[in-house]
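> got a predicted structure plus its sequence, pasted below:
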Amino acid sequence: MMPIANVGSITFMNNNSFIVLVRCNAIIAIIKDIEKNQTKSTTAILLSLVEEKAKQEKPKLVEVKFAKVQTNKEAIEVTVPKIRYERLENNMKSVKKDFIYVLDKVKVVKSSFGRGYLKLELTEDELVKFRRGINNY
C-alpha cells in the first residue's frame with residue numbers, strides 16, 4: 001500500500017511528490033524574501049542618487065530673443081541659361097532611359113528555402129558603361 005500525504009486540498013499518493021512540493025514552496029518563500037529585502041535597498045540607493053543629481057542640477061532659464069526677419073512675399077525667379085537647361089533635360093532623359101533599361105533587366109528569383117531575391121541580368125560591359133555614365137553626370 002502506498003503512503004498518503006494530505007496538504008490542504010491536495011492528496012499525494014507517494015512521498016516523492018510531497019517532497020517536491022515542499023521544496024518548491026521553500027524556494028518560492030526564499031525568492032519572495034529576496035524580493036522584499038534586497039531589492040528595496042537597491043531601489044532606495046538608486047532613488048537617492050537620482051534625487052542628489054536633481055538637487056545639484058538647477059534649471060537654467062535662458063531668454064532668447066528673435067529678431068524679426070522681413071520676408072518678401074514676391075517669389076524670387078532664378079534665370080537659367082537656355083543651353084544649360086537643355087543639357088540638363090537631355091541628361092535627365094538619358095538617365096531615365098538607362099534606369100528603365102536596368103529595371104527591365106531585374107528578375108525576381110523565388111528560393112525554395114527562405115525569401116526570394118532579385119537578380120540583375122547585365123553583362124560586365126553594360127555595368128561598366130552605366131558606372132561611367134553616372135560618374136560623368
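Structure's in. What do you need? The structure displayed is predicted, hence computed values, not measured ones.
> now the element after the longest helix belonging to the chain, going C-ward?
With secondary structure taken from DSSP state H, the chain has its longest helix at helix 15-56. Next helix or strand after helix 15-56 toward the C-terminus (DSSP states H and E): helix 82-104.
> and the contacts of that following helix?
For helix 82-104, the external contacting residues (Cβ atoms under 8 Å, 6 or more residues apart in numbering) are L120, L122, F130, G133, I134, Y137. Just so you know, the C-beta spots here come from the backbone N, C-alpha and C atoms, and that holds for glycine as well.
> where does the prediction get shaky in the chain?
Counting by pLDDT under 70, the chain has low-confidence residues at 1-14, 39-42, 52-78, 137.
> please parse it into its domains.
Domain assignment for the chain by automatic domain parsing gives 5-56, 82-136.
> turn those domains into JSON lines, including mean neighbour count.
Shown next, in JSON lines, are the domains of the chain (neighbours: other Cβ atoms under 10 Å):
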{"stretch": "domain 5-56", "mean neighbour count": "10"}
{"stretch": "domain 82-136", "mean neighbour count": "10"}
